[in-house]
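task: produce atomic coordinates for the following.
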Amino acid sequence: MNTTAAALQAQVSVPTIRTWCRNGVIAAAKQAGRWIIDAASLAARIAIGARRARKQDA
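The predicted structure is shown next:
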């Protein structure tokens with residue numbers, strides 16, 4: 001998955017996705033100058049964010 005699709009799925013900006021890739025927050029590899037993002041890793045990161053949001057609401 002590319003950064004644009006990942007940003008839409010995670011409901012964050014493309015620069016945020018790029019930062020997550022650079023920092024190893026989500027599993028990704030650069031191919032031909034573009035980030036290719038592992039969908040399972042992104043889903044796990046989204047789940048972490050959802051859990052944090054629920055804790056703050058409580």
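
what about this protein, any weak spots by pLDDT?
Low-confidence segments of the chain, defined by pLDDT under 70: 57-58.

quick one: buried residues of the helix of greatest length in the chain?
Longest helix of the chain, by residue count under DSSP state H: helix 39-57. Burial within helix 39-57, assessed by neighbour count using 16 or more other C-beta atoms under 10 Å, is assigned to S41, L42, R45, I46. C-beta coordinates here come from the backbone N, C-alpha and C atoms, glycine included.

and for stretch 11-24?
Judged by neighbour count (16+ other C-beta under 10 Å), stretch 11-24 contains these buried residues: V12, I17, R18, W20, C21.

residues touching the last one, list them.
C21 is in contact with T3, A28, W35, I37, counting by C-beta atoms under 8 Å, 6 or more residues apart in numbering.

now with 6 Å?
Shown in contact with C21 (C-beta atoms under 6 Å, 6 or more residues apart in numbering): A28, W35.
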